[in-house]
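# coords please:
(chains A and B)
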Amino acid sequence: MKQTINTENTQSQMRKGVLELCTLSVLAIGEAYPTEIIEQLKSSKMMIVEGTLYPLLTRLKNANYLTYRWEESTSGPPRKYYKLTPEGEALLKELENTWDEMVDAVNKLLKENKNK
Amino acid sequence: MNKTLTINLAGLVFNIEENAYQLLKDYLAAIKNQFKNEEGCDEIVADIEARLAELLKAKTHAGKQVLVDEDIHEAINIMGKPSDFEENTSDEKQGGSASHNQKTYYSNKTRRVFRDGDNKVLGGVCSGIASYFDTDPLWIRLALVVLFFGFGSGLLLYIILWIIIPEAKTTAEKLEMRGDPIDINTISQTIKEEAEQLKNRVQDFGNGVKNEFTSQRSQSVGNKIGALIYTIFHGIFKVISKIFGVLFVLFGTLFFVALLLVLFNVGKVDGLSVNEFLQAFTGSDFPMFWFKTGLAMCVGIPLCMIVYKGLKLVLGIKTSYKWLNLSVGILWFVGLTICLYLSMTILSDFSEETPLKTQIDTHFNNTDTLFIKGNNNYEKNETDLDFTFDNDRWLINNTVQPSIWGGRPRVKIIASENDSVSVFMRKTAAGKQKTEASLRAKNINYNAAQQGSVLLLNNYFSFVSTDKYRNQSVEMLIKLPKNKIVYLDNSLRTSWYDIENVNGIGDTEMSGKYWKMTENGLTCLSCTKEELMNNKDSIEVNGHIINIHDSDANVHIDKHGIEVNSKDTHVKISGDGIKVDEKKK
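Residues are numbered from 1 along each chain as shown, chains lettered A, B, ... in the order given. Sure thing, here's the model as predicted:
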């Protein structure tokens, strides 16, 4: 039982690691409010729980990678629409590069070891 | 039918059931706790609240206006547990404190004791404990029932546990109640984590010290040492407090059972059953029930509180009840007052002591040896209670009603001022007033009589138990003229009391021997060499009198002067001058 918990833990840690990149990527297309971001992340099976996103958005915003504006909603409280700042776009690019390099490296490593 | 509350969540109004409200409140509190060290804490919480409001809004419509447990659970499932929010990046920002924050409501890390209201028979104590230890409540219940027959200690334990263990009311608490079991795995896990934490701290500290040395900021080093010491001692303290908790519970329960044994007249004091022992002091007109009630309160309450504190330490429960402490304090004080008052009424009976002195009519021939013997006026029955109290040995004959107490007299022998043997009897007893005391002394039954050259003494004095035990005693004083020879019979071996003798032989060993009253006191005539050897040299200081003995000389110093007595000389230095006598060989 302990073993499965650890596996889940590793998986969620992996997802959390790239969540930042995915969020930035979603926002690169245009403005979005958290629920929209979540839906897109969910549809690509990236998210486990929504709660993870809010602290992330706040941190990115506080670090000047995101800005937001308020918009009234008919179905609930007012929503925060986030969009990337120039710094955010730069960060996205950098992270994308890192990701590509890492995926290549990891894939290569896994393949090599499998063939051994 | 359920009570509902109206809440405002992110500007939206909801009607919510009480249980669901508690659940939501706990959840938000846990989230707040999770991010409390973060810069944008309020903002994150506000965002999450807004999202929750949106989710919950979708759950309500014209046909369903009230939020229930289910809705909250669903919303929480979508949002996730606060422990899932933890980000890898947080380590850099929050350092060591991040690991502490994980201990939130939903982390399920540790299990806590709660009363399980859902599976209760009485208060849910047993089922709660059972889920803490992962067993069937049946076993715990059986154990308590068995303990209940152990003089009710099970009942006491149950009541204390009922008071100190909070009921699991909210879902969060119910989850905590069934949290990770406390077993070898989780314990070793916890220990590992703690060790890791400690290691990190020590490492941090080491690095800190290195850096501090270069930057010369000793203040911060001091702080870090403080924090490190605090962590270490906090850990040690936790372990010690658990150990103390266990000891408290054990000893508290043990003494409490002992108290119950005493109250219910099981066990013996000095060979008497508790009731008989108490009755001896109190008599039958004493409100024994109230005394025992008072005793139960003023001794039992502190014991219960010790068990209570111990259980709290062991189970790590911090809740305390003011009303409990106050009411227990008052009860204890009432018990103490009852005990003190009733004890005082008994003690006042001991305030006056009146000796009753009489001289026994005797005419002993000075030349004959005097035999002092016991007349065996009482033979001990099988059924007699035989006990020692206050250094005196007592017998109680219960075959007659009211029962009769028998005690040993004390017999003392001193030098007489004149040429004849005289025998005095002194009966003593205590009472509230002198008259009461002397009446009691008079009621003591004791006889001494001459029979030829024999002085026959009762082996026991006796009084009726309705007189109550009030320090009754009998002392015989026998005054012997110089050169009188006396034989101390074995039958009174336990009655010889503090008899001074030249040879310094102990009271009981004086029995069965012939003694001669000399100028210096009783001298043994029939003692073996070994007996004398054992007590050869001695220095005795008695008030203003000093006596120095050895095998062939004796020095006596008192206010009249100095007197030296040896085998062949007698020297006396006094106000009359110095007098030296050569003894004839």
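# would you mind listing the buried residues in the helix or strand B:Glu70 falls within?
Here B:Glu70 sits within helix B:69-79, counting by DSSP states H and E. Under the neighbour-count criterion of 16 or more other CB atoms under 10 Å in any protein chain shown, helix B:69-79 has B:Asp69, B:Asp71, B:Ile72, B:Ala75, B:Ile76, B:Met79 buried. Placement of C-beta: from N, CA and C, glycine included.
# correct me, but the second one touches B:Ala20?
Yes: in terms of CB atoms under 8 Å, B:Asp71 counts as a neighbour of B:Ala20; the distance is 6.7 Å.
# now the strands for the stretch 1-150 of chain B?
Listed in chain order, the strands of the stretch 1-150 of chain B (DSSP state E, counting those that start in this stretch) span B:4-9, B:12-17, B:66-67.
# buried deepest among these, which one?
For the strands of the stretch 1-150 of chain B, the largest average neighbour count (mean count of other CB atoms under 10 Å in any protein chain shown) is found in strand B:66-67, namely a mean of 20.
# could you count how many residues lie near B:Arg426?
17 (other CB atoms under 10 Å in any protein chain shown).
# hang on, I meant B:Ile229
10.
# doesn't it lie inside a helix?
Yes: under DSSP: H, G, I helix; E, B strand; the rest coil, B:Ile229 falls within a helix.
# tell me the pLDDT at the residue in chain A positioned nearest to chain B?
Nearest residue of chain A to chain B: A:Val49, at 2.3 Å (CB to the nearest CB). Looking at A:Val49, its pLDDT is 74.
# for the residue nearest to it when sequence neighbours are not counted, grab phi and psi.
Excluding the flanking residues, the one nearest A:Val49 by CB to CB, 6 or more residues apart in numbering or on different chains is B:Gly80, at 2.3 Å. Here is the backbone geometry of B:Gly80 (degrees, to the nearest 10): phi 90, psi 160.
# and the strands in chain A?
Remark: strands assigned in chain A by DSSP state E are A:66-71, A:79-84.
# would you turn those into JSON lines with mean pLDDT and mean neighbour count?
As requested, the strands of chain A are exported to JSON lines (pLDDT from 0 to 100; neighbours: other CB atoms under 10 Å in any protein chain shown):
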{"stretch": "strand A:66-71", "mean pLDDT": "90", "mean neighbour count": "14"}
{"stretch": "strand A:79-84", "mean pLDDT": "90", "mean neighbour count": "20"}
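# picking up where we left off before, need the per-residue pLDDT for the residue nearest to A:Val49.
81.
# that one contacts A:Gly51, doesn't it?
Yes: the pair B:Gly80 / A:Gly51 is scored as a contact, 4.0 Å apart, by CB under 8 Å.
# higher neighbour count, these two?
Applying other CB under 10 Å to B:Gly80 and A:Gly51 shows that A:Gly51 carries more neighbours, namely 25 against 20.
# and the more buried one, how far from B:Leu9?
16 Å (CB to CB, to the nearest Å).
# thinking again about what came up before, out of the strands of the stretch 1-150 of chain B, which gets nearest to chain A?
strand B:12-17 (6.0 Å).
# state the mean pLDDT of the closest one.
For strand B:12-17, the mean pLDDT works out to 88.
# over to stretch B:292-299?
88.
# sorry, back to before: need the strands of chain A in CSV with distance to B:Leu522, can you?
Shown next, in CSV, are these (distance: least, CB to CB, whole Å):
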stretch, distance to B:Leu522
strand A:66-71, 112
strand A:79-84, 112
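# how about these in CSV, adding distance to chain B?
Converted to CSV, the strands of chain A look like this (distance: least, CB to the nearest CB, whole Å):
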stretch, distance to chain B
strand A:66-71, 10
strand A:79-84, 7
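# and of those, who's closest to B:Leu147?
Checking the strands of chain A against B:Leu147 by CB to CB gives strand A:79-84 as the closest, at 60.5 Å.
# output that closest one as PDB, nothing but the C-alphas.
Coordinates of each C-alpha in strand A:79-84 appear next as PDB, following Å, rounded to 0.1, in the frame of the first residue of the first chain:
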ATOM      1  CA  ARG A  79     -13.800  36.500 -12.600                       C
ATOM      2  CA  LYS A  80     -10.100  37.200 -13.000                       C
ATOM      3  CA  TYR A  81      -9.000  37.100 -16.600                       C
ATOM      4  CA  TYR A  82      -5.300  36.500 -16.800                       C
ATOM      5  CA  LYS A  83      -2.900  37.200 -19.700                       C
ATOM      6  CA  LEU A  84       0.900  37.000 -20.200                       C
END
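# for it, packing partners?
Using 3 or more CB pairs under 8 Å, 6 or more residues apart in numbering or on different chains; DSSP states H and E as the contact test, the elements touching strand A:79-84 are helix A:2-29, helix A:34-43, helix A:53-62, strand A:66-71.
# center of chain A, which residue is that?
A:Leu19 (2.5 Å; CA atoms, centre = their mean).
# gap between B:Pro481 and A:Asn113?
120 Å.
# so the residue nearest to the spatial centre of chain B, which state does it fall into?
By CA atoms, centre = their mean, chain B has its centre lying nearest to B:Phe255, at 7.0 Å. Put simply, B:Phe255 is helix when judged by three-state DSSP.
# pretty sure it sits against B:Pro302.
No: B:Phe255 lies out of contact with B:Pro302 (CB under 8 Å); the separation is 9.3 Å.
# domains in chain B, by residue range?
B:4-106, B:238-349, B:353-526, B:537-585 (automatic domain parsing).
# make CSV from the ones you listed and add distance to B:Tyr132 to it.
As requested, those are exported to CSV (distance: least, CB to CB, whole Å):
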stretch, distance to B:Tyr132
domain B:4-106, 17
domain B:238-349, 8
domain B:353-526, 48
domain B:537-585, 68
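# need the least confident one among the ones you listed, by mean pLDDT.
domain B:4-106 (a mean of 75).
# gap between it and the chain center?
Taking the mean of its C-alpha atoms, domain B:4-106 sits 51 Å from the chain's own mean (CA atoms, centre = their mean, to the nearest Å).
# quick one: the helices in the stretch 51-200 of chain B?
Using DSSP state H, counting those that start in this stretch, the helices of the stretch 51-200 of chain B run over B:69-79, B:82-85, B:90-94, B:97-101, B:125-133, B:137-149, B:153-164, B:171-177, B:184-215.
# what number of residues lie near the residue of chain A closest to chain B?
Quick note: A:Val49 (other CB under 10 Å) scores 17 neighbours.
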